[in-house]
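*Asks:* sequence? don't have it. structure:
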């Protein structure tokens, strides 16, 4: 933000610092990058590293990630050159020794293709994407001011960190899941990323390596309730469209958070859990005019039964008995 605000500073040119986010799935890597771009009011685009390949191989050209940012800025080159590009699944282009030689070669080649773009250079970007139309016009985009945020789960990195910290060169030692999670927290070094399968030139273009902790039970509870667009508020609004009140009891939210931790999908798994609980009720409810309120309690989550349905006073019954969801 300070770099963008100091564009007119003639004395000192402040250079960008690309970021690598290391964290398990659903820990908030993409959400952090999206929120940052919204606060700064700059264009933002997401690309997947698994689809990127170097020139000469079937796949998406690395220039296409710049084209996505250009489209996100509504064709404004100047805004494009101040934007943020988030490249997800970056750990999938590591040249791991256990991989077949072709996969190893492709991983290193893709890293090489990204080097100049990450550092800052003027890139000729095909307007239609890809190099299949040599006669097409090219956009010239300077990547010097574009912030690159790279994200990945880096499965197995905890063992490399453990090996480095304890200076183990021979043999293997089983470490518990709890211990392996704590190893990553704040202890990721450039040496670990190199050992994981990234070339030194690539790691040298990443100024900041940040590890994200796995979301705890209390974190997931906050995510369910507190944000402006929290999942509980979204589903409440969906039921409001049918003039029905939706209530989540505290014990139900606690059980939903526990389920998400068990599934190991982080915040991303919360929606699927809620969808499974409310799907049948949302499907049936529009055809039932006498429903006034829907209450989700702990047993609805644990036993995967329908929520409690509260009928209007016009109906003889005040509450329906729970029935097992189909």
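*Replies:* Nice, thanks for sending it over. This structure is a prediction, so every number in the text was calculated from the model and none was measured.

*Asks:* Let me see the contact set for the closest residue to residue 249 other than its chain neighbours.
*Replies:* With C-beta to C-beta, 6 or more residues apart in numbering as the criterion, residue 249 has its nearest non-adjacent residue at 4.8 Å, and that residue is residue 297. (C-beta placed from N, C-alpha, C; glycine too.) Residue 297 sits next to 249, 251-252, 307-308 when contact means C-beta atoms under 8 Å, 6 or more residues apart in numbering.

*Asks:* Quick check: residue 297 vs residue 277, distance?
*Replies:* 10 Å (C-beta to C-beta, to the nearest Å).

*Asks:* Quickly list what's touching both of these two.
*Replies:* residue 307.

*Asks:* Now residue 280: which helix or strand?
*Replies:* Per DSSP states H and E, residue 280 falls inside helix 268-284.

*Asks:* circling back to that earlier point, for residue 202, state which of the contacts of residue 297 is nearest.
*Replies:* Of all the contacts of residue 297, residue 202 sits closest to residue 252, with 45.7 Å by C-beta to C-beta.

*Asks:* Stretch 233-249 spans what distance, first to last residue?
*Replies:* End-to-end distance of stretch 233-249 (C-alpha to C-alpha, to the nearest Å): 13 Å.

*Asks:* contact partners of that stretch?
*Replies:* Stretch 233-249 has contacts (C-beta under 8 Å, 6+ apart) with 224, 227, 232, 274, 278, 282, 285-286, 291-298.

*Asks:* Closest one of those to residue 141?
*Replies:* Distances from residue 141 to those, taken by C-beta to C-beta, are shortest for residue 227, at 33.6 Å.

*Asks:* Is the closest one within a helix or a strand, and which one?
*Replies:* Going by DSSP H and E, residue 227 is not in any helix or strand.

*Asks:* burial count for it?
*Replies:* By the criterion of other C-beta atoms under 10 Å, residue 227 has 13 neighbours.

*Asks:* The one 3 residues further on now?
*Replies:* For residue 230, the number of neighbouring residues by other C-beta under 10 Å comes to 15.

*Asks:* Phi first, then psi, for the nearest residue to it once chain neighbours are set aside.
*Replies:* Nearest residue to residue 230, sequence neighbours excluded (C-beta to C-beta, 6+ apart): residue 224, at 6.0 Å. Main-chain torsions, residue 224, degrees, to the nearest 10: phi -70, psi -30.

*Asks:* Am I right that residue 311 is in contact with residue 291?
*Replies:* Yes. Using C-beta atoms under 8 Å, residue 311 is in contact with residue 291, at 6.2 Å.

*Asks:* Tell me which of these two has more neighbours.
*Replies:* residue 291 (22 against 17).

*Asks:* Looks to me like residue 221 is in a helix.
*Replies:* Yes. Per DSSP: H, G, I helix; E, B strand; the rest coil, residue 221 lies within a helix segment.

*Asks:* what's the distance between the closest residue to it other than its chain neighbours and residue 146?
*Replies:* In this structure, residue 221 finds its nearest non-sequential neighbour in residue 257, 5.2 Å apart by C-beta to C-beta, 6+ apart. Distance of residue 257 to residue 146, computed by C-beta to C-beta: 37 Å.

*Asks:* Residue 295 now?
*Replies:* 49 Å.

*Asks:* which of the two has more neighbours?
*Replies:* Shown here are residue 295 and residue 146; by other C-beta under 10 Å, residue 146 has more neighbours (25 against 16).

*Asks:* can you pull the contacts of the more buried one?
*Replies:* Contacts for residue 146 (C-beta under 8 Å, 6+ apart) come out as 16, 66, 69, 80-85, 120.

*Asks:* Now, the contacts of residue 297 that are in helices?
*Replies:* Among those, the members found in helices (DSSP state H) are 251-252.

*Asks:* among the contacts of residue 297, which ones are buried?
*Replies:* 249, 252, 307-308 (16 or more other C-beta atoms under 10 Å).
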